[in-house]
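Asker: What would the 3D arrangement of this be:
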Amino acid sequence: MDYPAATADQIAFFDAHGYLVVRQAIPQADLDQIEAHCDILIAEKDRLANDWAWDEKESKEERSFRIVQSSPSYVWPDIQEQAYRKWLASFASALMGLDMEFWYDQFLGKPPGKSSPTYWHQDEGYWGRNLDNRGITGWIPLQDVDTVNGCMHFVDGGHQNGVLVHRLVEGVQSDLLVCEVDESRAVACPMARGDVAFHHSKTPHMSNANTGKAWRKAVTNHLQAVGAGGEGNHYPWRVKVNQRTGERRMAGEMPDAKKA
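Answerer: Numbering: from 1, shown residues only. Predicted structure coming up:
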């Protein structure tokens, strides 16, 4: 199976709607390899992961890991050479009309029955003004996803409405953000294993909690325009939390760096 090239219709859809689901883009064998590395992150989450929905009532040692947040890069030395990564950059460049390069990835695992939603947010709300209209994300589910186990939802055309005001999620100790959106424009995107969802860095999106019977596993792949310089010039709501030390700072109080 060859990785697909972006069609004119797909580019036009992304430009109008701010998101695009590419059906059966990644071969199953490649997904098996990705998933095997991500399963290591789940098995060793205390050492290799953060809890992105860390309950403020829990100590660092007692985090329940309602959203396991890590990166397959931690356990996959030659991940940068993988075909899916090169395809993501090529396809994203076509959608954005810019020369895009891979920036960083995240594994986001939601355990069955005890996870948290990933609340409505825009990626630029986390990244700051450096990525103004210069970022895109490719979201790869490692199993079929729907509204039961945590598929993606997008605000149709929301990338055209600027960056919304974000705030920290109440009761959460991590840096999880939320913004208010017009939910009448929300589109749920059930996907099969092998599909990939792209969204613009200004497109509001969320995924619901996993109420299914198995882990919901996904890898988010973030790309930026060549020369964008990574995150920076942050918005006032942006907080960073070191889950190794518990240290919590506003983003403006520390040097700008790639979000790990």
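Asker: need the contact list for the residue nearest the centre of the chain.
Answerer: Centre of the chain computed as the mean C-alpha position; nearest residue by CA atoms, centre = their mean is Thr220, 4.0 Å away. Residues in contact with Thr220 (CB atoms under 8 Å, 6 or more residues apart in numbering) are Asp105, Gln106, Leu108, Thr137, Gly138, Trp139, Ile140. Placement of C-beta: from N, CA and C, glycine included.
Asker: Out of these, which comes closest to Phe91?
Answerer: Nearest to Phe91 among those is Gly138, at 7.4 Å by CB to CB.
Asker: my read: the closest one touches Ala92, true?
Answerer: Yes. Gly138 is in contact with Ala92 according to CB atoms under 8 Å; the separation is 6.5 Å.
Asker: Find residues that contact each of these two.
Answerer: Common neighbours of Gly138 and Ala92, using CB under 8 Å, 6+ apart, are Phe198, Leu223.
Asker: Mind jotting down where the helices sit in the stretch 101-250 of the chain?
Answerer: According to DSSP state H, counting those that start in this stretch, the stretch 101-250 of the chain carries its helices in the segments 123-127.
Asker: Count the neighbours of the residue lying closest to Trp127 once chain neighbours are set aside for me.
Answerer: In this structure, Trp127 finds its nearest non-sequential neighbour in Glu231, 4.2 Å apart by CB to CB, 6 or more residues apart in numbering. Glu231 has 25 neighbouring residues, counting by other CB atoms under 10 Å.
Asker: how about the strands of the stretch 51-200 of the chain, start to end?
Answerer: Assigned by DSSP state E, counting those that start in this stretch, the stretch 51-200 of the chain shows strands spanning 68-70, 100-110, 118-121, 135-141, 152-155, 166-168, 177-179, 186-189, 196-200.
Asker: So which bits of the longest one are buried?
Answerer: Right, strand 100-110. Residues Met100, Phe102, Trp103, Tyr104, Asp105, Gln106, Phe107, Leu108, Gly109, Lys110 are the ones in strand 100-110 that count as buried (16 or more other CB atoms under 10 Å).
Asker: Would you quantify the distance from the third one to Leu88?
Answerer: For Trp103, the distance to Leu88 under the criterion CB to CB, to the nearest Å works out to 10 Å.
Asker: what residues are shared contacts of the two?
Answerer: Residues touching both Trp103 and Leu88 by CB under 8 Å, 6+ apart: Leu223.
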